[in-house]
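> coordinates for the following, if possible.
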Amino acid sequence: MSSVAHKQAAQQALNCMDLTSLTGTESDDDIIQLCQQASSQAGSVAAVCIFPQHIPLARQHLAVGIRIATVTNFPHGPEDIASAVEQTRAAVALGADEVDVVFPYSALMAGKPEVGAQLVAQCKAACGTQLLLKVIIESGELKTAQYIEQASRIAIEAGADFIKTSTGKVTVNATLDAAHVILNTIKSSGKAVGFKAAGGVRTVGDAHAYLEKARQIMGPDWVNPQHFRFGASGLLSDVLTTLTGCASKSAGDY
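Residues are numbered from 1 along each chain as shown. Presented below is the predicted three-dimensional model:
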C-alpha cells in the first residue's frame, strides 16, 4: 500500500469509527477523556460507543455532530426478548443515537431462529424511526458461513439498520471471512443496511483490508459513515499517528 493510500485509509477509518469503551470499569474521567479523543485536528469519529449509564455525561462533553451509540442485550445475547426491549427503551430514553443490540446467537444455533427475528423487530420498534439499530450477530461464535448468513438475513428482514460482527468479548471477533459473508448478505437483500466490523481491528492496515472488502462487494461509493463503521479504540492511535504523526492515548482495545 502506498503512503497516499495508507493515509486515505486512515482518514476513512477515522471518519467511520465508533470510538469504543466497554470495559465496564469506566470512570467519569474515562468517559470525558474518550469524548475528548473523539475529536482531533485530523477530524472526528462517527460515534462513541459506551454503556447506557454514561450517555448523559458523554452528551455534555462530545463535540457537535458526533453520535452516541450504546449496547443492549450485551454481551452474551440471551434470548430474553422482554429484557432486551426494556434495555433498548431505556437507552433511547437516556439519549442514545444508536443502539447496538446482541442477537440471540445461541438460540439460533439451538434451532430457534424466530427468537432473533422477534427480538430484532421489537428492539427496532423501541428505537423508533430516528435511531439506528445495529445488530451484533457475534460471527465468531456462529462460526460457519451458513449461520453467519442466516443470522444476518434474519436481522435484516426484522429491520436492522446495520449488521455488526462482534461484541469484542469473545475469542474470535471480526474476520474478513465473516465480513465477506455479511456484506454479500446485505447486498443480496437489496436493503439499505450498513456493516460494522468490531473487535481486533487495531491498525490502519487492518482497517484498509475491511474497507477494500466493502468496496469490492458494495461499490466504491458505499463506504461512508452512513453505511460502514469500525467498532474500535486501539485503532485510533495508529490512525492519528498516520495522519498527524502524534498518537492519542487509547482507552484500551475493545
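
> can you verify Ala192 is assigned to a strand?
No. According to DSSP: H, G, I helix; E, B strand; the rest coil, Ala192 belongs to no strand; its state is coil.

> quick check: chain neighbours aside, which residue is closest to it?
Using Cβ to Cβ, 6 or more residues apart in numbering and skipping the chain neighbours, the partner closest in space to Ala192 is His227 (7.8 Å). Every C-beta, even on glycine, is put in place using the N, C-alpha and C of the backbone.

> is it correct that that neighbour is in contact with Lys187?
No. Counting by Cβ atoms under 8 Å, His227 stays clear of Lys187, with 11.4 Å between them.

> when those two are compared, which one has more neighbours?
His227 (19 against 14; other Cβ atoms under 10 Å).

> before we move on, the earlier item: now the common contact residues for His227 and Lys187.
Common contacts of His227 and Lys187 (Cβ atoms under 8 Å, 6 or more residues apart in numbering): Met218.

> residues contacting the residue nearest to Ala192?
So His227 contacts 192, 194-195, 214, 218 (Cβ under 8 Å, 6+ apart).

> now Ala90: phi and psi?
Main-chain dihedrals, Ala90, degrees, to the nearest 10: phi -60, psi -40.

> so what pLDDT did Gly252 get?
Note for Gly252: predicted pLDDT of 40.

> count of neighbours near the closest residue in space to Val71 that isn't next to it in sequence?
Spatial nearest neighbour of Val71, chain neighbours left out: Asp100 (4.9 Å); criterion: Cβ to Cβ, 6+ apart. Per other Cβ under 10 Å, the neighbour tally for Asp100 reads 29.
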